[in-house]
Each structure stands twice: as structure tokens, then as C-alpha cells.
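> give me coordinates for this.
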Amino acid sequence: MGELYLCATPLGNLEDITLRALRVLREADLIAAEDTRHTRKLLSHYGIHTPSTSFFEHNQVTKIPYLLEELGKGKTVALVTDAGLPGLADPGYPLVQAALAQGHRVTVVPGASAGVAALVISGFRPHPFYFHGFLPREKGERQELLKELREESRTGVFYEVPHRLQKSLQDFVEIWGGSRRVCIARELTKQFEEVLRCTFSEAAAHFSKNPPRGEFTLVTEGKREAEQAPPGDPRALREAVDALIRAGAEPTAAFKAVGRALGLSRSEVYRAYHLAAE
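Below you'll find the predicted structure:
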């Protein structure tokens with residue numbers, strides 16, 4: 001039987017790799033990489049010349065049989081992603097399942113993880129927490145997920161891509177409320193690393209003026225007792241409306257969105273909004 005290693009690779013700083021990972025990558029018969037060009041930079045930096053093959057989301061169907069065949073020959077295969085640990089939010093899970101089903105040994109070489117790194121620097125309670133990974137691409141699915149998690153008291157960890165970040169932040173404001181706190185970590189361990197600790201309202205306003213670039217990890221605060229105000233609480237409602245407007249929504253659309261999230265009519269939201277200003 002062969003052996004499949006799940007090797008964590010650096011998030012950005014090439015020094016963030018373990019001695020064991022370097023040895024495994026050097027001694028493996030084959031490296032299965034999410035992006036061979038990206039991984040080649042890491043391998044070249046450390047003088048590693050192990051053969052590699054691509055393995056990513058859209059070629060898994062054809063590549064899993066090939067990798068299983070190599071494992072069946074008694075070979076050692078090291079699986080890596082562009083950054084972090086394979087099998088969380090990156091390719092890996094189906095291959096692990098298939099390898100285990102055929103009796104191959106599966107071993108982890110732990111290391112960097114963007115989700116855990118962002119969690120421990122967020123300043124939020126680190127346990128208990130839940131890891132969701134990437135938010136759904138489609139707005140409807142994303143909003144449905146956020147509604148399911150709205151009352152969650154645990155700290156949450158999400159990933160998001162730059163071109164969807166602003167829309168996702170607007171959904172958080174609309175469904176969770178603008179006063180909930182979030183830690184947004186960008187480009188962790190890289191040259192332009194940035195960590196923003198603020199409310200969802202402030203985050204939406206920030207990125208409406210500063211176009212998102214890079215990879216993002218969102219660590220969300222669990223629902224606090226202070227947020228147990230009734231859905232129609234005028235101050236919380238006004239803050240949610242204002243956050244959407246600052247993020248670029250038209251006032252009428254903002255009233256409608258907040259009303260839909262809270263089960264109120266647009267006129268009820270409008271009255272509560274102006275009541276909070278008195």
C-alpha cells in the first residue's frame with residue numbers, strides 16, 4: 001500500500017513551513033499540487049526537485065484515479081494546496097476518502113492555517129468556535145446560511161474572495177446587524193498583511209472606499225447578550241439601515257432589506273428609523 005501525506009504549506013511567508021514538511025516533500029515520489037506553478041516557487045526556494053502533478057477542484061474526477069494508481073504501486077504522494085492545510089477549504093477531501101477506502105495510509109503534516117491564524121489574533125473568544133470556510137457564491141444561499149447562523153453564540157470563521165467581500169458584508173449587516181463585531185484578516189503573513197477589527201457597519205463602509213484585494217479571512221463575534229434586543233429595536237434597526245446606505249444601497253432599498261430580514265414592512269422600518277432619531 002502507498003502513503004498519502006497532507007502537507008501544510010506557508011500562507012505567504014516561505015519561512016512558515018516545518019522541517020518535517022520539507023523532508024516529506026523532498027522524499028515523496030510525487031507531489032500533487034493545487035497549482036504547480038505556485039508550488040514550484042516554494043520547491044525551488046528550498047531546492048526540492050520532486051516531480052509534481054496538478055490536483056485541483058475541476059480535475060479531481062480524472063486525477064483521483066491516477067493518484068490512487070500511484071499509491072497502489074506503493075508510492076508516496078504528498079498533497080499540497082497553494083496555502084495552508086489541504087482538505088479544509090481547498091482540494092483534498094475526496095482524495096482522502098478514496099485513499100482510505102482502498103486501504104492506503106493517510107498522514108497529516110500540520111502547519112499553517114489561515115482560519116486558525118486569524119482566530120487567535122482576532123481578540124474574540126477562541127473557543128468554542130466553528131469553521132465554515134468559503135461563504136456561498138449565490139446571494140440567496142449566502143443569506144439563508146447567515147439566517148441559520150444569526151443566533152449562534154460561538155465565534156465563527158469564514159473565508160471570502162475579494163470580488164464578493166462587499167456583497168457579503170452587506171448581507172452580514174442586513175441579517176446579523178451592523179453592530180456585531182468582526183475581525184477581517186487580509187494577506188496573512190504576506191508583505192501587505194492587514195487586520196481590521198471593527199463592526200460590520202464599519203467594515204462595509206471601509207471596503208466601499210477601499211476596493212478589496214487579496215485573500216480574506218473573517219472571524220465573526222458570536223451573538224452577545226447585549227444584542228438580544230427585539231427585532232424592532234429602533235436604534236439597532238436605524239444602525240442596520242445606515243450601514244447599508246453607507247455601503248452604497250439606496251435608502252428605499254435599505255429600508256426594504258432590513259424589513260425583509262426582520263419580518264417587518266418597509267413602512268414599519270421607516271417609522272422605527274425616524275423614532276430612533278428623536
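> centre-most residue in the chain?
Among the residues of the chain, Tyr159 comes closest to the average C-alpha position under CA atoms, centre = their mean, at 1.3 Å.
> my read: that one touches Ala114, true?
Yes: at 7.2 Å, Tyr159 counts as touching Ala114 under the criterion of CB atoms under 8 Å. Just so you know, the C-beta spots here come from the backbone N, C-alpha and C atoms, and that holds for glycine as well.
> tell me which helix or strand of this structure sits lowest on mean pLDDT?
Across the helices and strands of the chain, the lowest-confidence element by mean pLDDT, DSSP states H and E is helix 266-276, at a mean of 80.
> buried ones in that one?
Counting neighbours by 16 or more other CB atoms under 10 Å, one finds that the buried residues in helix 266-276 are Arg266, Glu268, Val269, Tyr270, Ala272, Tyr273, Ala276.
> how about stretch 22-31 as CSV, C-alpha atoms only?
What follows is stretch 22-31 as a C-alpha-only set of coordinates in CSV (Å, rounded to 0.1, in the frame of the first residue of the first chain):
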residue,chain,number,x,y,z
LEU,A,22,10.3,19.9,3.7
ARG,A,23,11.6,16.4,4.3
VAL,A,24,8.4,14.8,3.2
LEU,A,25,8.2,16.9,0.0
ARG,A,26,11.8,16.1,-0.7
GLU,A,27,11.4,12.3,-0.2
ALA,A,28,8.0,11.8,-1.8
ASP,A,29,7.7,10.1,-5.1
LEU,A,30,5.1,12.6,-6.3
ILE,A,31,3.7,16.0,-5.2
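> buried residues in that stretch?
So for stretch 22-31, counting by 16+ other CB under 10 Å, buried means Leu22, Val24, Leu25, Ala28, Asp29, Leu30, Ile31.
> how near is the fifth one to Asp171?
Which is Asp29. The gap separating Asp29 from Asp171 is 45 Å, by CB to CB, to the nearest Å.
> same deal with Lys147?
Remark: distance between Lys147 and Asp171 (CB to CB) = 10 Å.
> more neighbours, those two?
Asp171 (23 against 13; other CB atoms under 10 Å).
> wouldn't that one be in contact with Leu145 here?
No: at 9.2 Å, Asp171 does not count as touching Leu145 under the criterion of CB under 8 Å.
> mind listing the helices for the stretch 101-250 of the chain?
114-122, 139-149, 162-176, 200-209, 234-246 (DSSP state H, counting those that start in this stretch).
> which stretch among those comes nearest Ala185?
Minimum separation from Ala185 across these (CB to CB) falls at helix 114-122, 4.0 Å.
> in the closest one, what counts as buried?
Here helix 114-122 shows Ala114, Gly115, Val116, Ala117, Ala118, Leu119, Ser122 as buried, counting by 16+ other CB under 10 Å.
> closest one of those residues to Leu42?
Ala114 (16.1 Å).
> tell me the pLDDT of the closest one.
If you check Ala114, the pLDDT there is 95.
> contacts for stretch 197-207?
The contact list for stretch 197-207 (CB atoms under 8 Å, 6 or more residues apart in numbering) reads 122-123, 165-166, 169-170, 172-173, 176-184, 196, 239-240, 242-244, 246-247.
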